[in-house]
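Participant: coordinates for the following, if possible.
(chains A and B)
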Amino acid sequence: MSTLALGAAGSARQAPWRRTLRRVASRRGAVLGAAIVLFFIAVALLAPLIAPDDPLATNWSAVRKPPSVAHLLGTDELGRDVLSRVIYGARASLLAGVVSVAISLLLGVPIGLVAGYVGGAVDAVLMRMTDALLACPFLILAIALAAFLGPSLLNAMIAIGISAMPAFIRLTRAQTLTTKVEDYVRAARAMGNPHWRILLRHILPNILAAILVQATLALAAAIIAEASLSYLGLGQQPPAPSWGSMLNTARGFLAQAPWMAWWPGLAIFVVVLSFNLLGDGLRDALDPRATRSVVASGRQR
Amino acid sequence: MLLYFVRRILLIFPTLLFVSMLIFGLQQLLPGDPAVALAGEDRNPEVIAYLHQRYHLDAPLPLRYLLWLKGVAAGDLGDSIRINRPVLDLVLEKLPVTAELAGLAMLIALGIGIPAGVVSAVRKGTWIDDAANVFALWGLSTPNFWLGFLLILLFSVKLGLLPSSGYVGPGEDLAGNLASMIMPAFVLGNAIAAVMMRHTRSAMLQVLGMDYVRTARAKGLSARAIVLHHVLRNALIPIVTLGALEFGQLLSGAVLTEQVFTIPGFGKLIVDAVFNRDYAVVQGVVLCTATAYILLNLCADLAYFFIDPRLRA
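Facilitator: I've put the predicted structure just below:
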């Protein structure tokens, strides 16, 4: 009897996730986005196996050669294979995306939880600080941070993570504010649960969906930001390949060797597009408000 | 209402205060003696000694902050180490160039974004809606410096119609100025257009579902009159405020666009400053953009009140 009850509870806990997964899977855009993201993750992980050449190996007899059988995407100004550099560049881009969003999450979510849950003066001070961060344009703040920290991929990731943090603070706070007045949270409080347990066990799991959606969209923004910082010379340092820094060099050879600019740019575009598709799909599947508007408009038609 | 006004205006002061702390705090990220870093490559001991005195580097941190803040409040943003000129002068000099670029970009963004959003909301679920959504995704996903490359390849390298770089002031040659600004403005406007399109579409959809729209339809008004007079007017209110929030995005994008097209504006100022370790200029640019952003959003919030009579009650 007790095992039966446990089993039922287990499946009840699983059901919403499975339902969500089904909803996401029914959206072509989201599935396509997820597939391309997985493809690029595989490319990044397997780079040494699939890259035809060493991404750092220069070859003075094959400088700025257009795409050919030997070099499918051509070579750059030092005779390096563009395809291999694009493949290895996936590592810098994806790593930067994941690490900077992780930084935003680790800092932003706890701050948002505390601000929303505690309220009062703590909330007011934290929110004014967030407003201040938000008032500095994202890339300009990231450039300033990267400038003072010194140019490197790690510092670029820190800069992007901190610049992207306010969005997570605001979202988590807003979600916490609406969740903390729910009956089950009141009940948990009435039962004498300590605040940290209410925050971690009762509030956080219920706002994770919204955070997940934001994180996916933030990944897209972070990848563009890393490419932008690298393009400006503030991210991945040469000769290590990154899509942004490849575009930086390509700017000087646009007329003579346009293929140097096509492929890294296309790679950024496709990766960012697929994260955006996935994020939009997740939002439609997870955000009850978004679903409601779809239902309402369906009724209209 | 007056209370809201006063509260809203007073609220910008703590925000500005935290912005100033943040920007002052940037200096603390520099490893070692900031004067050595600020002095640049030469590390001239005289310069270092001067900087110690100029920025009160021997005073305790809170006092240093207050002294710095006092200077900033009086318009003293420090001096550029490289060009040996006050930062405020440099910022004011570059401001018109970036303002022109941003203004043109915003025109393009609104010109594309709002009509596209209106049409896709009215024709929701049709191929037009799908096309507009694809356009929005494209705008959001294209790194704008790359779009700049593609335009240069097409219009400068292939067709030879527009200059790929170089800036001509509007005072010297207006046609030349527009020719040098049209590609960068489009690149910058493209991404904002996508955001504006999405905002417009969702605001329109929300209003389209209102009872008064149904009433207007029942009265027998033409679809055109309903969309223009009843729906778009009401949808514009959130679009105005959300548009102001895009200002930061516009400035971020301008940094990259100016770099691609070598336009001597704000963006180029901060990037050049970064590479010349001209930290006072970096701080000055961040401070000015953040202040502009805060004031602009204050204006948008106050405008909201004037546009929507319901809020005034």
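
Participant: thought residue B:265 was touching residue B:258?
Facilitator: Yes: at 4.9 Å, residue B:265 counts as touching residue B:258 under the criterion of C-beta atoms under 8 Å. From N, CA and C alone the C-beta is placed, and that goes for glycine too.

Participant: what's the burial count for residue 122?
Facilitator: Here I'm looking at chain A. Residue A:122 has 12 neighbours, counted by other C-beta atoms under 10 Å in any protein chain shown.

Participant: not quite, go with chain B.
Facilitator: 20.

Participant: can you tell me the closest non-neighbouring residue to it?
Facilitator: residue B:227 (5.9 Å; C-beta to C-beta, 6 or more residues apart in numbering or on different chains).

Participant: what does the stretch 1-150 of chain A have sitting close to chain B?
Facilitator: For the stretch 1-150 of chain A, the residues in contact with chain B (C-beta under 8 Å from any C-beta of the partner chain) are A:128-129, A:131-141, A:143-149.

Participant: so which residue of the stretch 151-300 of chain A comes closest to chain B?
Facilitator: The minimum distance from the stretch 151-300 of chain A to chain B, using C-beta to the nearest C-beta, falls at residue A:265 (3.5 Å).

Participant: roughly how far apart are that residue and residue A:205?
Facilitator: To residue A:205, residue A:265 is 40 Å away according to C-beta to C-beta, to the nearest Å.

Participant: so which residues of the stretch 51-200 of chain A form helices?
Facilitator: Under the criterion DSSP state H, counting those that start in this stretch, the stretch 51-200 of chain A carries helices at the ranges A:82-118, A:120-135, A:138-149, A:153-179, A:183-190, A:195-197.

Participant: show me what the longest one is packed against.
Facilitator: Identification of packing neighbours for helix A:82-118 by 3 or more C-beta pairs under 8 Å, 6 or more residues apart in numbering or on different chains; DSSP states H and E yields helix A:28-45, helix A:47-50, helix A:120-135, helix A:153-179, helix A:204-231, helix A:243-250, helix A:259-286.

Participant: just for chain A, where's the confidence low?
Facilitator: Low-confidence segments of chain A (pLDDT under 70): A:1-15, A:287-301.

Participant: mind checking how far the residue nearest the centre of it is from residue A:38?
Facilitator: What sits nearest the mean C-alpha location of chain A, by C-alpha atoms, centre = their mean, is residue A:219, with 1.2 Å. In this view, residue A:219 and residue A:38 are 14 Å apart by C-beta to C-beta.

Participant: which residues of the stretch 201-301 of chain A lie near chain B?
Facilitator: A:220, A:224, A:227-228, A:231-234, A:247, A:250-251, A:254-255, A:258, A:261, A:265, A:268-269, A:272-273, A:276-277, A:280, A:293, A:296-297, A:300-301.

Participant: wait, what's in contact with residue A:92?
Facilitator: A:153, A:226, A:230, A:235, A:236, A:240, A:241, A:242, A:243 (C-beta atoms under 8 Å, 6 or more residues apart in numbering or on different chains).

Participant: switch to 6 Å and redo it
Facilitator: Contacts for residue A:92 (C-beta atoms under 6 Å, 6 or more residues apart in numbering or on different chains) come out as A:236, A:242.

Participant: the residue nearest to the centre of chain A is in contact with residue A:98, isn't it?
Facilitator: No: at 7.2 Å, residue A:219 does not count as touching residue A:98 under the criterion of C-beta atoms under 6 Å.

Participant: and residue B:86, bridged to which residues?
Facilitator: residue B:79 (DSSP bridges).
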